[in-house]
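Chemist: Predicted model and sequence follow; I will ask about them next.
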Amino acid sequence: MKRIKTTKEAFNKDLAALLDKFDVFAPSTKQGKLDYLNITDPEDITWTDDLPYKSPKETVFPRVEEIMRFTKDDVVPTANVKPVLLLGAKPCDIESFDVFDGVFTSEKGLYIDPFYKERRDKMLIIGSGCAAKKPGCFCDERGYDMTFSDKCDAFVALDGDDMYIDLITDRAEGLFSGSDCPPREVNKAPETTLKIDAHENDIFTTMPWEDWAMSCIGCGTCTYVCPTCHCFDIRDADDKGEVTRCRLWDSCMYSNFTLHAGGTNPRTTQAARYRQRVMHKYVYLRDNIGITACTGCGRCIRLCPGGINIHDTVKDIMGRTGKK
């Protein structure tokens, strides 16, 4: 892994030259809120230790994505997307792409999603570390180093006006200028201590799901800000005879998410829906593709209006099943 040293001014100059080639998304402050936003000026980047309130999954999994259009005479596929440069992604958010890759492109998954795969193949990720844990964060318990990740193309560290860039993949070579410097000393990743080892049958009906979900109002905020949630719906919209088919985000926390056409709903309570959320992340995906779909970013904890805490739920399950 090669490391170069540059300045923020030189970095911004190099980045400005990339704006025509990439849609650049980076932490930026808008109306007092830090988010991953599409920037057109490097000066709009907010270099901070804070974690954006939403995840960057929209860069490859848009909230509303046109899949195809049906005209009177033809089926028109979606237009080719522009490559994305995701800049300043925190390690917990970088880890989340493993989940999306496992679900949408892995041989362990049910199929390869061409819409996701096109965006992901064209994407470059440049990470940036955290200096301190945020309220609700538990990335260390999930086995992640908050200061660094090598699951990206490059990684940036700031020291005043100086910037150090670790070039991790060949795709990052030549993007930014700088002088060679000694390589980074990589810390050993912490041990994963927050996980569910129990079988589905041991916890599906035996845990106090009603107590844990008592204050849930079914707003879906947790799923929308989560970097690994990927449920979606498909809808068609007719405009004067031309039909557009779109994929759009959905949430397992909504009462209509499992509503059948015949009127049956197998998850009639918020307790059942919260159980699905926890089991999907910590049990089902673990069993199906070998990945736990939680990076410990803490967004769902910080933003839940009902005070639901998935960390406490998982810890309680671990204690009740003998895995403390």
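Modeler: Looks like it arrived, so ask away.
Chemist: Buried ones in stretch 300-320, by neighbour count?
Modeler: For stretch 300-320, burial by neighbour count (16 or more other Cβ atoms under 10 Å) applies to 300-301, 303-304, 308-311, 313-315, 317-318. C-beta here means a position set from N, CA and C on the backbone, and glycine is covered the same way.
Chemist: Three-state assignment for residue 98, please.
Modeler: Assigned by DSSP: H, G, I helix; E, B strand; the rest coil, the conformation of residue 98 is helix.
Chemist: quick one, what contacts it?
Modeler: Counting by Cβ atoms under 8 Å, 6 or more residues apart in numbering, residue 98 makes contact with 151, 291.
Chemist: Please read off the pLDDT at it from the model.
Modeler: Note for residue 98: predicted pLDDT of 95.
Chemist: Same check on residue 76?
Modeler: For residue 76, the pLDDT comes out at 84.
Chemist: Check which residues of the helix or strand it falls within are buried.
Modeler: Secondary structure assignment for residue 76, by DSSP states H and E: strand 75-77. Judged by neighbour count using 16+ other Cβ under 10 Å, strand 75-77 contains no buried positions.
Chemist: contact partners of that strand?
Modeler: Defining contact as Cβ under 8 Å, 6+ apart, one finds that strand 75-77 is touched by 68-70.
Chemist: partners of it, with directions?
Modeler: With DSSP bridges as the test, strand 75-77 is paired with strand 64-70 (antiparallel).
Chemist: Residue 123 against residue 60, yeah?
Modeler: Yes. If you go by Cβ atoms under 8 Å, residue 123 and residue 60 touch, sitting 6.1 Å apart.
Chemist: any shared contact partners between the two?
Modeler: With contacts taken as Cβ under 8 Å, 6+ apart, residue 123 and residue 60 have residue 84 as neighbours in common.
Chemist: Show the contacting residues for residue 148.
Modeler: Contact partners of residue 148, counting by Cβ under 8 Å, 6+ apart, are 91, 127, 129, 155, 184, 186-187.
Chemist: can you confirm it is in a strand?
Modeler: No. Assessed with three-state DSSP, residue 148 is coil; it does not lie in a strand.
Chemist: can you tell me the average pLDDT over stretch 131-145?
Modeler: 95.
Chemist: ends of it, how far apart?
Modeler: 10 Å (Cα to Cα, to the nearest Å).
Chemist: and it, which residues are buried?
Modeler: By neighbour count on 16+ other Cβ under 10 Å, the buried set for stretch 131-145 is 134, 136-145.
Chemist: For the next helix or strand after the strand holding residue 76, name the packing helices and strands.
Modeler: Remark: after strand 75-77, the chain's next helix or strand is strand 84-89, criterion DSSP H and E. Applying 3 or more Cβ pairs under 8 Å, 6 or more residues apart in numbering; DSSP states H and E, one finds that strand 84-89 contacts strand 23-30, strand 33-39, strand 124-128.
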